[in-house]
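Trainee: What follows is a predicted structure for the sequence shown.
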Amino acid sequence: MNLPLQRPFSPMEAQSVDEIPVGSSWQYEPKWDGFRALAFRDGKEVDLQSKSGRLMTRYFPELITALRALEAKKFVLDGEIVVPTDNSFSFDALLQRIHPAASRVEKLAAQTPALFILFDLLVGPDGRAWTKELLSKRRVALEAFFKAFCARSKLLRLSPATTRLSDAKGWLKGAGSALDGVIAKRRDFEYRSSDRGGMQKIKNYRSADCVVGGFRYNEGSRLVGSLLLGLFDAEGVLHHVGFTSTIKREDKPSLTRKLKPLIAPPGFTGNAPGGPSRWSTKRSGEWQPLKPVLVVEVRYDHFSGDRFRHGTRLLRWRPDKAPRQCTLDQVQHRKVDLVSLLQ
């Protein structure tokens, strides 16, 4: 492609912080739960590049068609690919797109078409690079680009942006656990490829009370390395939903002594920890079942596909909580119309 930016091009990164930064130099946007992507177009050539630099063009044919249909013949856009379901976004449906069979991808593209949410303009329709311009100018240019070329597209959306802190807090309050968080960007910064200095992310963390249904030893030792977490369904079946490994080193000997007398099958009566796979070692499939009598409170970012998407953070033990109170309904999202936030 004859563009001022060539693939692979590294997008700006975000630094994780606990609080939303305050000040007139910040712009706020919703943090979307999808795949970060850059869209490149030069004439008939259109490509989607992941944050890591890999091509994702073949996995989202409907977005390629939508981008190719624009009157603008040159551009590079920074955005997020999401798959809407029931007016929210499904990361599980998004993951299904990464499939080797083109026929499967085409079928999913027709059944659950993706959206591309635009939040930055890196190359304009005249072939000019905007990466040296400040965000305050790039945002104006992005909104003009969207109005001129994308407003009629069903699959291209403009991410909302504001300089009002109250709006950002309102997104978190209104959407609750359905929204991934808030992104804060420095309006007085140019686009800094691979740099985290001009962008911060404030994740929308949640907490849940879970039964400790088992544990794994540290590799090469007989000390506990991670706790296996469970939640009861409506029928009283205990399902494995994830793990926490944020156990302080000095606490592991006493915790191991506490858990050993509780070792007893089956640990989980429903979904159980899996065995070895192409992503795991033989050791990671070995675990010790426990009597379901201990409860911990953990912090997590996402619950999807009947489990925590990532490892959780151990907050505290809950001896005041009965194990049967640890149910799946506490991690279910309330219905929120996230699509309504988009233009």
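Mentor: Now that the structure is in, tell me what you want to look at.
Trainee: Break this protein down into its domains, please.
Mentor: For the chain, automatic domain parsing gives the domain ranges 15-204, 206-331.
Trainee: mean confidence for the last one?
Mentor: Same thing as domain 206-331. Averaged across domain 206-331, the pLDDT comes to 87.
Trainee: Do a quick rundown of the helices in the stretch 101-250 of the chain.
Mentor: Assigned by DSSP state H, counting those that start in this stretch, the stretch 101-250 of the chain shows helices spanning 102-111, 135-145, 165-175.
Trainee: Turn the ones you listed into CSV, columns for distance to residue 222.
Mentor: All C-beta atoms are positioned from the backbone trio N, CA, C, and that covers glycine. Formatted as CSV, these follow (distance: least, Cβ to Cβ, whole Å):
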stretch, distance to residue 222
helix 102-111, 45
helix 135-145, 53
helix 165-175, 43
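Trainee: Nearest to residue 196 among those would be which one?
Mentor: helix 135-145 (14.7 Å; Cβ to Cβ).
Trainee: helices or strands up against that closest one?
Mentor: strand 26-31, strand 115-123 (3 or more Cβ pairs under 8 Å, 6 or more residues apart in numbering; DSSP states H and E).
Trainee: switch the cut-off to 10 Å
Mentor: strand 26-31, strand 74-82, strand 115-123, strand 156-158, strand 181-186 (3 or more Cβ pairs under 10 Å, 6 or more residues apart in numbering; DSSP states H and E).
Trainee: if we can go back for a sec, tell me which of the helices of the stretch 101-250 of the chain approaches residue 117 most closely.
Mentor: helix 135-145 (11.6 Å).
Trainee: Just the buried residues of that closest one, please?
Mentor: 135, 138, 139, 142, 145 (16 or more other Cβ atoms under 10 Å).
Trainee: For the residue nearest to the last one when sequence neighbours are not counted, give the beta-bridge partners.
Mentor: When you say that, I think you mean residue 145. Excluding the flanking residues, the one nearest residue 145 by Cβ to Cβ, 6 or more residues apart in numbering is residue 121, at 5.6 Å. Residues in a beta bridge with residue 121, per DSSP bridges, are residue 77.
Trainee: ok, and the closest non-adjacent residue to the most centrally placed residue in the chain?
Mentor: Residue closest to the mean C-alpha point of the chain, counted by Cα atoms, centre = their mean, is residue 33 at 4.1 Å. Leaving aside its sequence neighbours, residue 33 sits nearest to residue 180 (Cβ to Cβ, 6+ apart; 4.2 Å).
Trainee: Which pLDDT value does the model give the one you found?
Mentor: If you check residue 180, the pLDDT there is 79.
Trainee: What is the neighbour count of it?
Mentor: Neighbour count for residue 180, taken as other Cβ atoms under 10 Å: 22.
Trainee: That one contacts residue 89, correct?
Mentor: Yes: using Cβ atoms under 10 Å, residue 180 is in contact with residue 89, at 8.7 Å.
Trainee: what sits in contact with each of those two?
Mentor: 32, 33, 34, 80, 338 (Cβ atoms under 10 Å, 6 or more residues apart in numbering).
Trainee: Check these and tell me the two furthest apart.
Mentor: Taking Cβ to Cβ, no two of these sit farther apart than 80 and 338, at 11.9 Å.
Trainee: With mean pLDDT and distance to residue 291 as extra columns, can I get the helices of the stretch 101-250 of the chain in CSV?
Mentor: Below are those laid out as CSV (pLDDT from 0 to 100; distance: least, Cβ to Cβ, whole Å):
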stretch, mean pLDDT, distance to residue 291
helix 102-111, 96, 42
helix 135-145, 98, 55
helix 165-175, 86, 38
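Trainee: Compare those helices and give me the one nearest residue 49.
Mentor: With Cβ to Cβ as the yardstick, what comes closest out of the helices of the stretch 101-250 of the chain is helix 102-111 (17.2 Å).
Trainee: related to what we said a few turns ago, wasn't the residue nearest to the centre of the chain part of a helix?
Mentor: No: looking at residue 33 with DSSP: H, G, I helix; E, B strand; the rest coil, it is coil, so not inside a helix.
Trainee: What is the burial count for the nearest residue to residue 194 once chain neighbours are set aside?
Mentor: Spatial nearest neighbour of residue 194, excluding adjacent residues (Cβ to Cβ, 6+ apart): residue 10 at 4.1 Å. By other Cβ under 10 Å, the residues close to residue 10 number 14.
Trainee: separation between residue 10 and residue 134?
Mentor: As judged by Cβ to Cβ, to the nearest Å, residue 10 and residue 134 stand 19 Å apart.
Trainee: what do you get for residue 180?
Mentor: 26 Å.
Trainee: Likewise for residue 81?
Mentor: Distance of residue 81 to residue 134, given as Cβ to Cβ: 26 Å.
Trainee: Looking only at neighbour counts, state which of these two leads.
Mentor: More neighbours surround residue 81 than the other of residue 81 and residue 134, with 24 against 15 (other Cβ under 10 Å).
Trainee: which residues sit in contact with the closest residue in space to the more buried one that isn't next to it in sequence?
Mentor: Closest residue to residue 81 apart from its sequence neighbours, by Cβ to Cβ, 6+ apart: residue 35 at 4.4 Å. Taking Cβ under 10 Å, 6+ apart as the criterion, residue 35 is in contact with 48, 50-51, 56, 59-60, 79-83, 91, 94-95, 97-98, 114, 116.
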